[in-house]
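> can't give you the sequence, but here's the structure:
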């Protein structure tokens, strides 16, 4: 997917110029995903 296509898809999410809100959503979702991955791995290895 090209950068122009991604920007046009993200346009309704953000009223600001640039990737402000969209980038924040991506970063927060990444941290939540990493946290869930750590939690799942900790539960899997705790039983051993």
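Structure received. Just so it is clear, the structure is predicted and the values come from calculations on it, not from any experiment.
> what ranges do the helices span in this structure?
Assigned by DSSP state H, the chain shows helices spanning 3-10, 20-46.
> weakest of these in terms of mean pLDDT?
Among the helices of the chain, helix 3-10 carries the lowest mean pLDDT, a mean of 72.
> coming back round to it: need the helices of the chain in a markdown table (columns: mean neighbour count).
C-beta: built from backbone N, CA, C; applies to glycine. Formatted as a markdown table, those follow (neighbours: other CB atoms under 10 Å):
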| stretch | mean neighbour count |
| --- | --- |
| helix 3-10 | 11 |
| helix 20-46 | 10 |
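> now residue 29: how far from residue 36?
11 Å (CB to CB, to the nearest Å).
> hmm, I typed the wrong one, I wanted residue 22.
Counting by CB to CB - residue 22 and residue 36 are separated by 21 Å.
> repeat for residue 26
16 Å.
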